[in-house]
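> Please work out how this folds:
(2 chains)
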Amino acid sequence: MLMKKYLIVSGDSFVDRKFRSAAHPEMDVSWPMWPELLAEKLDMRLINLGKSGQGNEYIYSALQDTIEEFKDKNEIGMVVVGWSQCFRMDYQDVGGEWCTERINPYSDVFGWVKKSLRICKSLEYMCEHYNIPYVQTQMIPMYIDWLRGLPPTDQAIMFEGKDMIGDRNEYPGDAVEDEESLLKILIEHDDIINHNNFIGWPISKKLGGYNLSLETIGLQGSPYVISEYDGHPNEEGHKRLAKAIYKHIKEK
Amino acid sequence: MKKILLASGDSWTDQNFRSAPHPEMDVSWPKWPEILAKHLDMEVINLGKCGQDNIETYESIQDAVIAYGDDVGFVAVGWTHANRRGYQRWNSNLQCWEIDHSQYGKITGFRLKTHVKNTVRLYMNIQILCERYNIPYLQAQMNLLFPRKGEQSYQPFWMEDDYLEGENHEETALRELYDYDGIIDDKRFLGWPPIPALNGWSMMDKYITPESGMTISKYDGHPNKEGQEKIAEAFIKCL
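Got it, this is the predicted structure:
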């Protein structure tokens, strides 16, 4: 009997099997998540590297370390990546555990976006080099939350009385002008990124792209997210994400 | 049209290098990328920058491979200390990317093992990038992967915390290299694994030692003219 191949998935809280809702800590969120649903549809065994709060450096590095551990890369049937916000900073602590800072204290939004795009490209190099089928998508907006003024966390809004609008971090610049510059960076990458394998490329509505979660499940208040305080996908939301990714894989 | 040799690294590679202890010294001798390019009959694009960390070195090569495409004939990389880390910032007045070196060595989550692991991932990224595009390449560790206690470039400020824990962090870091043995192409990596404890070497271990006569002075361990020629010779031998 043929051994099932592996589906390796990496991302942040939208992928993490151990996800808990910060806004509703008592809620049972143990519904099947999109990686499991997708693995079932693809008839593959799942390796889920998703970790809540992490940024794109973790998402790529965890994947790279896992892929390198496979002596026979043919055992890997597919890699699927859901990229996170560009302004998170990942590092490994003294115990080697991956940690993250919500806002990278170094560089700025231009440096963060360029770094994230290089990481997307590095993923392509790695998977194409090893002949591993892959799909990547910008799961949540890469930089928009930063430009609009980063709101407090779900937890701070729910339990510390912070206000989603009033307690935003003010964007340290001209958001309109800077968004134009960021769109130019995306356009510069249009010939560089493999569109077939990137769901929603070029990730901005203004350029005809999208990020997968907004496109598929919507914002807080939508029937596919946990609640008006928590924009993570609920059970139905995960089904929709799995369906969208599966559809892309079959049609590409 | 001649093909392009892309080279990157830190001050050991930077064609605009100036000696900090000897600011008046003329150090305009040819650097190893220029010598190697001449041997290969290629045009050199030297992306080396003083103080550049390994992430920036990889990213500079990645950006240039994308920008120059099929014109790239060879990639050569000279890696620096694993613990070094700089940050890129857009200067809107000058309309260029700048690197902020003020955070040198102060990265949160300080641990030798994780720095080494990050650098090994970057070695692998260069290998994958070049093989992906069929670009001939060589890489080498220029100065020490991590300065060892008692050695010239050892800087207690970044190792102290590690040693305070009482673990042998050098040994743990070596294991990270060991894991990649057989994965890194040792024919394309001079001195692999780049540390004497594993029977490999960096340029600083093998050639540009304080006693070699190939450093600028006893106050400046960067390669002098002969040192740069020696490094180029080492690359040429591996072609």
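> Quick check, central residue of chain A?
By CA atoms, centre = their mean, the mean C-alpha position of chain A lies nearest to A:W83, the distance being 2.8 Å.
> Can you report how many residues neighbour the residue nearest to that one when sequence neighbours are not counted?
Leaving out its chain neighbours, the residue that sits closest to A:W83 by CB to CB, 6 or more residues apart in numbering or on different chains is A:Q138, at 5.0 Å. No exception for glycine: its C-beta is placed from N, CA and C like everyone else's. As a burial measure, A:Q138 scores 30 neighbours (other CB atoms under 10 Å in any protein chain shown).
> Roughly how far does A:Q138 sit from chain B?
When distance is defined by CB to the nearest CB, to the nearest Å, A:Q138 is 19 Å away from chain B.
> ranges for the strands of chain B?
In chain B, the segments counted as strands under DSSP state E are B:4-9, B:43-46, B:72-79, B:87-91, B:96-100, B:137-141, B:189-190.
> Tell me the pLDDT of the nearest residue to B:W12 once chain neighbours are set aside.
Distance criterion CB to CB, 6+ apart; nearest residue to B:W12, sequence neighbours excluded, is B:M142 at 4.2 Å. pLDDT recorded at B:M142 is 97.
> With B:D162 instead?
Taking B:D162 on its own, its pLDDT is 45.
> Now B:H39. Nearest residue, chain neighbours left out?
Using CB to CB, 6+ apart and skipping the chain neighbours, the partner closest in space to B:H39 is B:I236 (5.4 Å).
> Surely the one you found and B:K38 touch.
No: the criterion here is CB atoms under 8 Å, and B:I236 misses it with B:K38 at 10.1 Å.
> Given the longest strand anywhere in chain A, what are its sheet partners and their directions?
Longest strand of chain A, by residue count under DSSP E: strand A:76-83. Applying DSSP bridges, strand A:76-83 is found paired with strand A:6-10 (parallel), strand A:134-138 (parallel).
> Now the first one: buried residues?
Residues of strand A:6-10 classed as buried by neighbour count (16 or more other CB atoms under 10 Å in any protein chain shown): A:Y6, A:L7, A:I8, A:V9, A:S10.
> Also the last one?
Under the neighbour-count criterion of 16+ other CB under 10 Å, strand A:134-138 has A:Y134, A:V135, A:Q136, A:T137, A:Q138 buried.
> Contacts only, for the residue nearest to B:W12.
Residues near B:M142 by CB atoms under 8 Å, 6 or more residues apart in numbering or on different chains: B:G9, B:D10, B:W12, B:T13, B:G78, B:W79, B:T80, B:S202, B:M203, B:M204, B:I231.
> Apply 10 Å and report the result again.
Applying CB atoms under 10 Å, 6 or more residues apart in numbering or on different chains to B:M142 gives the contacts B:9-13, B:32, B:48, B:77-81, B:190, B:194, B:202-204, B:208, B:222-223, B:231.
> Equivalent analysis for B:A140, please.
By CB under 10 Å, 6+ apart, the contact set of B:A140 is B:9, B:12, B:32, B:76-79, B:188-192, B:194, B:201-203, B:206, B:231, B:234-235, B:238.
> now it, which residues is it bridged with?
Listed beta-bridge partners, B:A140: B:G78, B:L190 (assigned using DSSP bridges).
> Go ahead and confirm the residue nearest to the centre of chain A touches A:C120.
Yes: in this structure A:W83 lies within contact range of A:C120 using CB atoms under 10 Å: 6.7 Å.
> Now for the two: what residues contact both?
Here A:W83 and A:C120 have A:N56, A:Y60, A:Q136, A:T137, A:Q138, A:M142, A:F198, A:I203 as joint contacts, going by CB under 10 Å, 6+ apart.
> between those, which is closest to chain B?
A:Y60 (8.8 Å; CB to the nearest CB).
> Excluding sequence neighbours, find me the nearest residue to the spatially most central residue of chain B.
Nearest residue to the geometric centre of chain B (CA atoms, centre = their mean): B:W79, 1.7 Å. Nearest residue to B:W79, sequence neighbours excluded (CB to CB, 6+ apart): B:Q141, at 4.9 Å.
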